[in-house]
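Peer 1: need a structure here:
(one chain, ligands or ions: 1)
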Amino acid sequence: METLYRLVYTSARRKDCDDKEIQNILASCKKNNPGKNITGLLIQTENRFLQVIEGDKDEVLGLSEKIKKDPRHGGVNIRFEQKVDKRLFPNWHMAFKDISKDDIQFQSKISEEDKKSYEAMMEGDISAYNDRGMNVLKTFVSM
Ligand SMILES: Cc1cc2nc3c(=O)[nH]c(=O)nc-3n(C[C@H](O)[C@H](O)[C@H](O)COP(=O)(O)O)c2cc1C
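Peer 2: Model (predicted):
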């Protein structure tokens, strides 16, 4: 039986992980994730990534092991890892959001409190990885 699992990590984006490399990463997501029924969100900022990966536990853990070794980033730090009842991103085999480029839009579209929650997540405050934090991430795909 499938155990629905969610894993969220932050990492440091390498300087040479430029737009072209991001396109390559998204191409891998498009190629691999649908067949494994993996969904989620990848956020890029100036120098970081935050990724939510959800799906069958074995698939999620297998993919996260592969991603951990990817030289396009480093310091992968798992912030949330748990069995869940429902997917946050059922319709996205990997939604992508570049917050560094959308900064102004981002700043004006989310509330002060949601911004704080997001910043705490990015800084690795694991207490921010609660329902509120997850909902803030969810709002990004509709922005
Ligand atoms: C930040 C980041 C997120 C990634 N997310 C995914 C992902 O969701 N799915 C995926 O297949 N590969 C992802 N990758 C790429 C994998 O590390 C790996 O390069 C890729 O899966 C290899 O695919 P291939 O064996 O089909 O060439 C990601 C890489 C990075 C740096």
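Peer 1: Residues of the protein that sit close to the ligand?
Peer 2: 25, 28-29, 31-33, 42, 49, 51, 63, 66-67, 70, 72-73, 94 (CB under 6 Å from any ligand atom). Yep, even glycine has a C-beta here, placed from its N, CA and C like the rest.
Peer 1: Among those residues, which one has the most neighbours?
Peer 2: Highest neighbour count within the residues of the chain next to the ligand, by other CB atoms under 10 Å: residue 51, with 23 neighbours.
Peer 1: mind listing what that one touches?
Peer 2: Residue 51 makes contact with 8, 9, 11, 40, 41, 42, 43, 67, according to CB atoms under 8 Å, 6 or more residues apart in numbering.
Peer 1: TSV please, covering those residues and showing secondary structure and pLDDT.
Peer 2: Putting these into TSV (DSSP: H, G, I helix; E, B strand; the rest coil; pLDDT from 0 to 100) gives the following:
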residue	secondary structure	pLDDT
8	strand	98
9	strand	98
11	strand	97
40	strand	98
41	strand	97
42	strand	97
43	strand	95
67	helix	98
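Peer 1: residues making contact with stretch 118-135?
Peer 2: Residues contacting stretch 118-135 (CB under 8 Å, 6+ apart): 8, 10, 45, 48, 50, 52, 77, 79-80, 88, 110, 114, 117, 136-137.
Peer 1: Many thanks, have a good one.
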